[in-house]
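Chemist: Please work out how this folds:
(one chain, ligands or ions: 1)
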Amino acid sequence: MSKELLTALGLSTQPAAIHVGARAIAGSGPELSVRSPIDGRELARFQSASPAQIELAIAEAGRAFTRLRELPAPRRGELVRRFGERLRAHKRELAALVSAEVGKITQEALGEVQEMIDICEFATGLSRQLYGLTIASERPQHRLAEQWHPLGPVGVISAFNFPVAVWAWNASLALVCGDPVVWKPSEKAPLSALACHALLCATLAEMPDVPEGVATLIIGDGRGAGQQLAASPLLPLISATGSVAMGRSVAQTVAARLGRSLLELGGNNGAIVTASADLELALRSIVFAAVGTCGQRCTSLRRLIVQRTHYETLRDRLLSIYDRLPIGDPRSEGTLVGPLIDEAAYQRMQLALAAARTQGGTVWGGERATRNVPSGGIYVHPAIVEIAPNAAIVQEETFAPVLYMMRYDSFDEALALHNGVPQGLASAIFTSDVREAERFCSASGSDCGIVNVNIGTSGAEIGGAFGGEKLTGGGRVAGSDSWKAYMRRATNTVNYSNALPLAQGIRFDV
Ligand code: NAD
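Modeler: All right, here's what the predicted structure looks like:
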């Protein structure tokens, strides 16, 4: 990564670990080394934030809240609108940094930044639409209505694989809702976070009526810093994106103080290919969903449930596409599969494949790719595994490109296999039969938060609410009415009569 790129984004190779608006404070916690998964090169080395520093930063966000909540929501929307404009102007540089830091291919990195721009536009419009209901009162001359008020500073804990978009989903909504944001990004992607923060601060500099403490960034040591946010009573909402193990631990800490948590956790996403499916369309969707981002999307396709009549054709076509996949430097034109994030991810992938073999599976691919790839990075051939649906490994999310394939006979069987895992994020069906499609979308169909027809499991638009059920955590972020999680609801009853009728007709004469 070039020095010019860092400079264009307002960054240095020895950045500070704490940022309260434009104020930067050098960390006094453990040292952090940031390496590129492309070639293992060190991109930056600096000290992370200490617990005492994190505490002070959170307190600053609390102070900013008392001012931000008084700022009219459309003015808060103006901040987000201008930030979106700045993202547009820096789209290429920010995408290049995302590629360098987490190894996404250029197209997907550009897509991630576009997602930030889209949510900024959505949130700007929303800043004039934070509507409450007016409700018919049962009492004469009474007005019953609800108002939505800012909630307080929001703690955002984000995962490495969407190092900028997940924060933007949260921050753009939180800011228009009147909530400052305290962001703890993944320790694997702090530079992308620093770049986003710098762009937001440049926007804040144009709007002196917005307190700078509305944007706080903490580069902590991972688990410890995340837990500190989760435990803080100054953060009424914690929005946490990452593994199920992380979510379980954050949820317990937040619940112990009766805080609110919004959890976006792991998926184990399945697709059903029925007898009436358009196989060409299905194939393209399956490959993008299974190998895109090298299988490191929460929505990556992990389980393919195929009607017996199509099974062998589909498997063989997939194997032949997998044989020709361009694997390599994610910045090169034409590459479709970049590196895994680190050696630990590779080891987990190998353990899963070994377990699949032990449990009776047949594995194609999965080994290290060594030709035409940069040295120092970890590149793999995406794997296809033919396995019995009841194999234990199929129940787990392995965050790597491993696609389990299984056969079914009846549609009911396919639905049962599809829903028979503990996670519930994204799902898809490939069919030309309207009855199958509608059944999949119905109450007795897919039990996931994202339910697609003739589209793969990954690549959601920001206009819909994003998230999943069961071990995925139940949270919803981005579009639709997800904004309500970032506000508190007040129900107002106003009596404009001279009498005092009580609700439910209760008589209480004094
Ligand atoms: P991870 O759980 O290791 O880390 C995620 C974040 O949580 C990081 O910032 C990390 O420092 C922090 N953290 C880790 N353990 C913690 C703890 N005990 N307490 C507090 N904070 C803690 O996840 P990852 O490897 O960065 O990301 C991959 C995982 O994230 C996958 O499971 C993927 O499915 C999931 N994910 C889910 C979504 C979604 O929207 N549902 C989106 C992206 C990623």
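Chemist: Neighbours of Ala26, how many?
Modeler: 13 (other Cβ atoms under 10 Å). In this view, the C-beta of every residue, glycine as well, is placed from N, C-alpha and C.
Chemist: who's in contact with the nearest residue to it once chain neighbours are set aside?
Modeler: Leaving aside its chain neighbours, Ala26 sits nearest to Ala16 (4.9 Å; criterion: Cβ to Cβ, 6 or more residues apart in numbering). With contacts defined as Cβ atoms under 8 Å, 6 or more residues apart in numbering, Ala16 is in contact with 24-27, 46.
Chemist: confidence score at Ala16?
Modeler: If you check Ala16, the pLDDT there is 95.
Chemist: Am I right that it sits in a helix?
Modeler: No. Ala16 is assigned coil when assessed by DSSP: H, G, I helix; E, B strand; the rest coil, not a helix.
Chemist: want to try TSV for the contacts of Ala16, with distance to the ligand and secondary structure as columns?
Modeler: Formatted as TSV, the contacts of Ala16 follow (distance: Cβ to the nearest ligand atom, whole Å; DSSP: H, G, I helix; E, B strand; the rest coil):
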residue	distance to the ligand	secondary structure
Ala24	20	strand
Ile25	20	strand
Ala26	20	coil
Gly27	15	coil
Phe46	16	strand
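Chemist: Of those residues, keep whichever come out buried.
Modeler: For the contacts of Ala16, a burial check counting by 16 or more other Cβ atoms under 10 Å picks out 24, 27, 46.
Chemist: And the helices in the stretch 101-250 of the chain?
Modeler: Under the criterion DSSP state H, counting those that start in this stretch, the stretch 101-250 of the chain carries helices at the ranges 106-126, 165-177, 190-205, 223-231, 244-256.
Chemist: Pick the most buried one from the ones you listed.
Modeler: Comparing the helices of the stretch 101-250 of the chain by mean neighbour count (mean count of other Cβ atoms under 10 Å), helix 165-177 ranks first with a mean of 29.
Chemist: For that helix, output the C-alpha coordinates as PDB.
Modeler: Output in PDB follows, covering the C-alpha atoms of helix 165-177 (Å, rounded to 0.1, in the frame of the first residue of the first chain):
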ATOM      1  CA  ALA A 165     -20.000  -0.800   5.800                       C
ATOM      2  CA  VAL A 166     -21.200  -2.200   9.100                       C
ATOM      3  CA  TRP A 167     -20.000   0.900  11.000                       C
ATOM      4  CA  ALA A 168     -21.700   3.100   8.400                       C
ATOM      5  CA  TRP A 169     -25.000   1.200   8.700                       C
ATOM      6  CA  ASN A 170     -24.900   1.900  12.400                       C
ATOM      7  CA  ALA A 171     -23.300   5.300  12.500                       C
ATOM      8  CA  SER A 172     -25.500   6.900   9.800                       C
ATOM      9  CA  LEU A 173     -28.700   5.800  11.500                       C
ATOM     10  CA  ALA A 174     -27.400   6.600  15.000                       C
ATOM     11  CA  LEU A 175     -26.300  10.100  14.000                       C
ATOM     12  CA  VAL A 176     -29.600  11.100  12.400                       C
ATOM     13  CA  CYS A 177     -31.400   9.600  15.500                       C
END
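Chemist: what packs against that helix?
Modeler: Helix 165-177 is packed against helix 73-89, helix 106-126, strand 154-157, strand 181-184, helix 190-205, strand 477-478, with contacts defined by 3 or more Cβ pairs under 8 Å, 6 or more residues apart in numbering; DSSP states H and E.
Chemist: Measure how it sits relative to helix 190-205, angle-wise.
Modeler: 20 degrees (axes from the mean of the first three to the mean of the last three Cα atoms, to 10 degrees).
Chemist: and the residue of the stretch 351-500 of the chain nearest the ligand?
Modeler: The ligand sits closest to Phe399 of the stretch 351-500 of the chain, with a gap of 5.1 Å, by Cβ to the nearest ligand atom.
Chemist: before we move on, back to that, among the helices and strands packed on helix 165-177, which comes closest to Ala345?
Modeler: helix 106-126 (16.9 Å; Cβ to Cβ).
Chemist: Between helix 190-205 and that closest one, find me the angle.
Modeler: Using the same axes, to 10 degrees: helix 106-126 against helix 190-205 is 30 degrees.
Chemist: Tell me which residues are up against helix 106-126.
Modeler: Contacts for helix 106-126 (Cβ under 8 Å, 6+ apart): 77-78, 80-81, 83-84, 87-88, 91-92, 94-96, 98-99, 104, 162-165, 168-169, 172-173, 175-176, 196, 292-293, 330-331, 333, 461-463, 478-479, 483.
Chemist: Produce a ChimeraX select command limited to the buried residues of these.
Modeler: Here is the ChimeraX command that selects the buried residues among the contacts of helix 106-126 (16+ other Cβ under 10 Å):
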select :77,78,80,81,83,84,87,91,94,95,96,98,99,104,162,163,164,165,168,169,172,173,175,176,196,292,293,330,331,462,478,479,483
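Chemist: per-domain residue ranges of this structure.
Modeler: 3-265, 269-453 (automatic domain parsing).
Chemist: can you redo the contacts of Ala16 as CSV with distance to Ala271?
Modeler: As requested, the contacts of Ala16 are arranged in CSV below (distance: Cβ to Cβ, whole Å):
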residue, distance to Ala271
Ala24, 46
Ile25, 47
Ala26, 48
Gly27, 44
Phe46, 42
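Chemist: hmm, back to that, ok now do the residue nearest to the residue of the stretch 351-500 of the chain closest to the ligand when sequence neighbours are not counted, which residues does it touch?
Modeler: Once flanking residues are discounted, Phe399 sits nearest to Gln296: 5.6 Å by Cβ to Cβ, 6+ apart. Contacts for Gln296 (Cβ under 8 Å, 6+ apart) come out as 161, 340-341, 345, 399-400.
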